[in-house]
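Colleague: No sequence on hand, only this structure:
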């Protein structure tokens, strides 16, 4: 009976896996991008063109218009890092509301009542170009805002972290760890050896890179829905690889930066195709229900009165005071 039970545990682990259907890419694509990132890290001029940019206008009318009536993203370069994050995070939280299931709230933004994701965010003083999501909130390091080249890149990062929460990656990791513990107990009983917590750690680490890849994929959709230029998202990964050459071809919890660049480019082309065909911008494999799906299906319709998604003066109910982790 032991081995059938272990098989059931393995099947349960498979149930706590990523659910999206991301575009395919080749090892040749990854190797080519890895060479480019290494050239940049050495201070050389890359021998390949940069990713396409300048097509954000299409997303401006397709994303926010369908969900909240927002116009194009306002420029934030003159704002403080905290205010800049508030503007970008507010826009994406509104655009991604249909994907946030129970974590939604109605809020007043520039005098209009809108639905948005209710995960709070904060600007963290921690060092390093990093950001975190814990299933309940999002933290963006100030060093990351100093590293990014544009609001579009901030939108990619925030969309990535929000996707970790909306796709319930932390809950799935915890579930995998519990199932790994159960598998460890069964293996110990079957073999007569103490495996300790090894299976729990294995379970927690299952799909780690796949969860990160899924967050990249879903996050770039969120950025597109909020009206940001998703075509430039891949450039962020190229510069990350140039800054950290060890991550170009090797990753532990995250995929290598070369692979993430290629995957983001493929996702951008997928979004382009959906826009051209007039399809709703829903990541493949993500299901929306009822009214939210109907909202997303109207993406080609123009908005009425646009709003800037700038947080109201003095409003801090959704941008500050996130509990420490």
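Modeller: Now that the structure is in, tell me what you want to look at. Keep in mind that what you see is a predicted model, and the values were worked out from it rather than measured. Residues are numbered from 1 along each chain as shown.

Colleague: Now do the buried residues in stretch 36-46.
Modeller: 36-38, 40-41 (16 or more other CB atoms under 10 Å). Any C-beta I mention is one placed from the backbone N, CA and C, and that applies to glycine too.

Colleague: Could you measure from residue 87 over to residue 227?
Modeller: 12 Å (CB to CB, to the nearest Å).

Colleague: Ok, residue 286 next?
Modeller: The gap separating residue 286 from residue 227 is 20 Å, by CB to CB.

Colleague: Between these two, which has more neighbouring residues?
Modeller: Neighbour totals were compared for residue 286 and residue 227, and residue 227 leads with 27 against 18 (other CB atoms under 10 Å).

Colleague: Am I right that that one sits in a helix?
Modeller: No. Counting by DSSP: H, G, I helix; E, B strand; the rest coil, residue 227 falls outside a helix, being coil.

Colleague: wait, it sits on residue 74?
Modeller: No. Using CB atoms under 8 Å, residue 227 is not in contact with residue 74, being 10.0 Å away.

Colleague: Give me the below-cutoff pLDDT ranges for the stretch 201-325 of the chain.
Modeller: For the stretch 201-325 of the chain, the stretches flagged by pLDDT under 70 are 201-207, 289-325.

Colleague: Going by residue numbers, what spans are helices in it?
Modeller: 208-225, 233-243, 257-277, 290-296 (DSSP state H, counting those that start in this stretch).

Colleague: go on, the stretch 51-200 of the chain?
Modeller: In the stretch 51-200 of the chain, the segments counted as helices under DSSP H, counting those that start in this stretch are 56-62, 64-67, 81-95, 142-147, 151-166, 169-191, 198-205.

Colleague: which residues touch residue 240?
Modeller: 129, 247, 257 (CB atoms under 8 Å, 6 or more residues apart in numbering).

Colleague: how near is it to residue 21?
Modeller: 25 Å.

Colleague: How about residue 97?
Modeller: Residue 97 is 23 Å from residue 21, by CB to CB.

Colleague: ok, those two, which is more surrounded?
Modeller: Neighbour comparison, residue 97 and residue 21: the larger count goes to residue 97, with 25 against 11 (by other CB under 10 Å).

Colleague: And the nearest residue to that one once chain neighbours are set aside, what's its pLDDT?
Modeller: Among residues not flanking residue 97 along the chain, residue 115 sits closest, at 4.6 Å (CB to CB, 6 or more residues apart in numbering). Predicted confidence (pLDDT) for residue 115: 88.

Colleague: Give me the number of neighbouring residues for residue 115.
Modeller: So residue 115, with other CB under 10 Å, has 18 neighbours.

Colleague: Ok, the one 5 residues further on next?
Modeller: By the criterion of other CB under 10 Å, residue 120 has 19 neighbours.

Colleague: do you know how far it is from residue 148?
Modeller: 21 Å.

Colleague: and if you look at residue 173?
Modeller: For residue 173, the distance to residue 148 (CB to CB) stands at 27 Å.

Colleague: still on that earlier bit, please enumerate the shared neighbours of residue 87 and residue 227.
Modeller: residue 73.

Colleague: now for the helices of the stretch 201-325 of the chain, which one comes closest to residue 137?
Modeller: Nearest of these to residue 137, taken as CB to CB: helix 208-225 at 15.4 Å.

Colleague: Quick check: buried residues in stretch 95-102?
Modeller: In stretch 95-102, counting by 16+ other CB under 10 Å, buried: 95-100.

Colleague: nearest residue to residue 218 other than its sequence neighbours?
Modeller: Among residues not flanking residue 218 along the chain, residue 163 sits closest, at 3.8 Å (CB to CB, 6+ apart).

Colleague: isn't that neighbour right up against residue 219?
Modeller: Yes. Because the distance of 4.4 Å satisfies CB under 8 Å, residue 163 is recorded as touching residue 219.

Colleague: Give the closest residue to residue 135 in space, chain neighbours not counted.
Modeller: The spatially closest residue to residue 135, leaving aside those adjacent along the chain, is residue 170, at 3.9 Å (CB to CB, 6+ apart).

Colleague: what's the answer for residue 20, then?
Modeller: Once flanking residues are discounted, residue 20 sits nearest to residue 285: 3.9 Å by CB to CB, 6+ apart.

Colleague: tally of neighbours for residue 288?
Modeller: Residue 288, neighbours per other CB under 10 Å, totals 16.

Colleague: Give me the nearest residue to it, chain neighbours excluded.
Modeller: Nearest one to residue 288, counting by CB to CB, 6+ apart, is residue 98 at 5.3 Å.

Colleague: Could you report the separation of residue 96 from residue 225?
Modeller: The spacing between residue 96 and residue 225, counted by CB to CB, is 7 Å.
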